[in-house]
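Trainee: Fold the stuff below for me.
(one chain, ligands or ions: 2)
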Amino acid sequence: MSDFFKGLSKVKYEGSESKNPLAYRHYNKDEIVAGKRMEDHIRPAIAYWHTFAAEGGDPFGGRTFDRPWYDKGMEGAKLKAEVAFEFFDLLDVPFFCFHDVDIAPEGATLAESNKNVREIGDIFAKKMEQTGTKLLWGTANLFSNRRYMAGAATNPDPDVFAYAAGQVKNVLELTHELGGQNYVLWGGREGYETLLNTKVGHEADQMARFLHLVIDHAKKIGFDGTILIEPKPQEPSKHQYDFDVATVYGFLQRYGLEKEVKCNIEVGHAFLAGHSFEHELAIASSLGMLGSVDANRNDLQSGWDTDQFPNNAGEMALAFYYILKQGGLGKGGFNFDAKVRRQSLDPADLLYGHIGGLDTLARGLKGAAALIADGEFDRLLDERYAGWDSGMGKDILAGKLSLAEIADRVHAENINPQPRSGRQEYLENLVNRFV
Ligand code: XUL
Ligand code: CO
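Mentor: Ligands and ions are numbered 1, 2, ... in the order given. I've put the predicted structure just below:
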């Protein structure tokens, strides 16, 4: 036991009237919502990077946090693992996620780096066995080291592609051995800073090759988790190829991979792409691509990917609407890709962030479940499209009518459509009744 969280005890559900800042007010893991335990709906995960590796830096200033594991090599990495599992227990959260470089220091060679990662992986395996904590997903950091400044899979230098492959092989295998339920690929540098030095077509082929290799290897080792791509339009690159869900889908389809991969949708990334979070979920779900979520929020004034904790229950209710309608996230979950602000120095601040985030998710889940149970929202939606269920509408969709035949019908039956209200405000008010 470390003394990092000294004086703090396990966070419990105390109900919405509780004034205890270290209690859940809405997240009650065993409460049944829409036929399932709340924890099984949300499948919350803690992000190793923001919670234990982030240092409180921003583009204008460095480290503000003071953690006893910083700058201490493998000894520090072991202490960090100790503290991480204490934190999972304190919050009573079932999953975590990591990048290789979050958990262990990089060595002078790929072999040394991978060995460090494996050493901490062994510690994880023991702790997971003891505590029952599970791995939602693992991923390789292919963006921080300067070797990746011009991309990993999309680097003009095949040696960089190869190095990235060596890193992914190691983390994919570790993820598999730890029973990880997904493997994530986020291509922060898979894009460009300037078109002036970039062959976009060539880089698309490289990216597809890389993905093929990852999928093949996952199959070869028997990994039955989901491979997830996490779309983001830019930052750190000026333009990232995995711009948004629709772009990712188009890319996958072009290379015959759309059945092999799903999306990990992040709230803040959706905003950066000029969308809403629910837009990305709706599109992904309609394409069968909604795999998992990175829960957070951006500061909408700063325009950056600020990775703050979610605190908008209304937005989360709309998210859960799509998730519940598709029958849940399957192997996915809600990873808190969120970090406390750089002035939030104390260990307790890490708890406040996650408690607020989980309570927001719980409120969103309950709101969406109530909206669906009420039924009017879905009834109105179905009613709006009811014309397509029979008659000419049905025949058009079934491809039974040509353009000329449809035109003939308009003349023969004197079709003269009358516009109907879309009732947006009515629907907004309806949704708000449940949040
Ligand atoms: C970056 C981001 C990453 C991915 C994993 O914006 O979201 O943390 O989630 O690499
Ligand atoms: Co993310």
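Trainee: Give the buried residues for stretch 265-279.
Mentor: When burial is assessed from 16 or more other CB atoms under 10 Å, stretch 265-279 yields the following buried residues: 265-273, 275, 277-279. Backbone N, C-alpha and C define where each C-beta goes, glycine included.
Trainee: ok, and of these, which contact ligand 2?
Mentor: Restricting the buried residues of stretch 265-279 to those within reach of ligand 2 (CB under 5 Å from the ion) leaves residue 266.
Trainee: Quick check: the farthest pair among the buried residues of stretch 265-279?
Mentor: Comparing every pair within the buried residues of stretch 265-279 by CB to CB identifies 272 and 278 as the most remote, at 15.3 Å.
Trainee: if I look at residue 15, how far off is residue 162?
Mentor: Going from residue 15 to residue 162 by CB to CB, to the nearest Å gives 55 Å.
Trainee: pull the longest helix from this structure.
Mentor: Looking across the chain with DSSP state H, the single longest helix is helix 347-374.
Trainee: Identify each buried residue in that one, please.
Mentor: 347, 350-351, 353-369, 371-372.
Trainee: can you check stretch 171-180 too?
Mentor: Judged by neighbour count (16+ other CB under 10 Å), stretch 171-180 contains these buried residues: 171-178, 180.
Trainee: Could you tell me which of the residues you listed belong to helices?
Mentor: Within the buried residues of stretch 171-180, membership in helices is found for 171-177, as judged by DSSP H.
Trainee: Tell me the one among these nearest to ligand 1.
Mentor: If you rank these by distance to ligand 1 using CB to the nearest ligand atom, residue 171 comes first, at 11.0 Å.
Trainee: what's the closest non-adjacent residue to the closest one?
Mentor: With CB to CB, 6 or more residues apart in numbering as the measure, residue 140 is the residue that lies nearest to residue 171, at 4.3 Å, once sequence neighbours are left out.
Trainee: doesn't residue 164 make contact with the one you found?
Mentor: Yes. Shown here, residue 140 and residue 164 form a contact pair, counting by CB atoms under 8 Å, at 7.3 Å.
Trainee: part of a helix, is residue 165?
Mentor: Yes. Checked against DSSP: H, G, I helix; E, B strand; the rest coil, residue 165 lies within a helix.
Trainee: Count the residues that sit near it.
Mentor: By the other CB atoms under 10 Å criterion, the neighbourhood of residue 165 contains 20 residues.
Trainee: Same check on residue 166?
Mentor: The tally of other residues near residue 166 (other CB under 10 Å) stands at 15.
Trainee: Also residue 298?
Mentor: Here the number of neighbours of residue 298 (other CB under 10 Å) works out to 19.
Trainee: Next up, the contacts around the residue in the stretch 301-435 of the chain positioned nearest to ligand 2.
Mentor: When distances are taken as CB to the ion, the stretch 301-435 of the chain reaches nearest to ligand 2 at residue 337, 3.7 Å away. Counting by CB atoms under 8 Å, 6 or more residues apart in numbering, residue 337 makes contact with 47, 50, 266, 268, 294-296, 307.
Trainee: for residue 266, same thing?
Mentor: Residue 266 sits next to 230-232, 293-296, 337 when contact means CB under 8 Å, 6+ apart.
Trainee: Using JSON lines, lay out those together with distance to ligand 1, secondary structure and pLDDT.
Mentor: Formatted as JSON lines, the contacts of residue 266 follow (distance: CB to the nearest ligand atom, whole Å; DSSP: H, G, I helix; E, B strand; the rest coil; pLDDT from 0 to 100):
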{"residue": "230", "distance to ligand 1": "5", "secondary structure": "coil", "pLDDT": "99"}
{"residue": "231", "distance to ligand 1": "10", "secondary structure": "coil", "pLDDT": "98"}
{"residue": "232", "distance to ligand 1": "6", "secondary structure": "coil", "pLDDT": "98"}
{"residue": "293", "distance to ligand 1": "11", "secondary structure": "strand", "pLDDT": "98"}
{"residue": "294", "distance to ligand 1": "5", "secondary structure": "strand", "pLDDT": "98"}
{"residue": "295", "distance to ligand 1": "11", "secondary structure": "strand", "pLDDT": "98"}
{"residue": "296", "distance to ligand 1": "8", "secondary structure": "coil", "pLDDT": "98"}
{"residue": "337", "distance to ligand 1": "5", "secondary structure": "coil", "pLDDT": "98"}
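Trainee: So which bits of the stretch 151-300 of the chain are right by ligand 2?
Mentor: Those residues of the stretch 151-300 of the chain that sit near ligand 2, judged by CB under 5 Å from the ion, are 266, 294.
Trainee: Verify the stated contact: residue 293 with residue 333.
Mentor: Yes. Checked against CB under 8 Å, the pair residue 293 and residue 333 is within contact range at 7.4 Å.
Trainee: Tell me which of those two has more neighbours.
Mentor: Set side by side, residue 293 and residue 333 show unequal neighbour counts under other CB under 10 Å, the larger going to residue 293 at 31 against 27.
Trainee: quick one: the closest residue to that one other than its chain neighbours from residue 172, how far?
Mentor: The spatial neighbour of residue 293 that comes closest, neighbours along the chain excluded (CB to CB, 6+ apart), is residue 334 at 5.0 Å. If you measure residue 334 against residue 172 using CB to CB, the figure is 22 Å.
Trainee: residues touching residue 349, list them.
Mentor: Shown here is residue 349, whose contacts under the criterion CB under 8 Å, 6+ apart are residue 340.
Trainee: quick one, domains of the chain?
Mentor: With automatic domain parsing as the criterion, the domains of the chain are listed as 32-374, 388-432.
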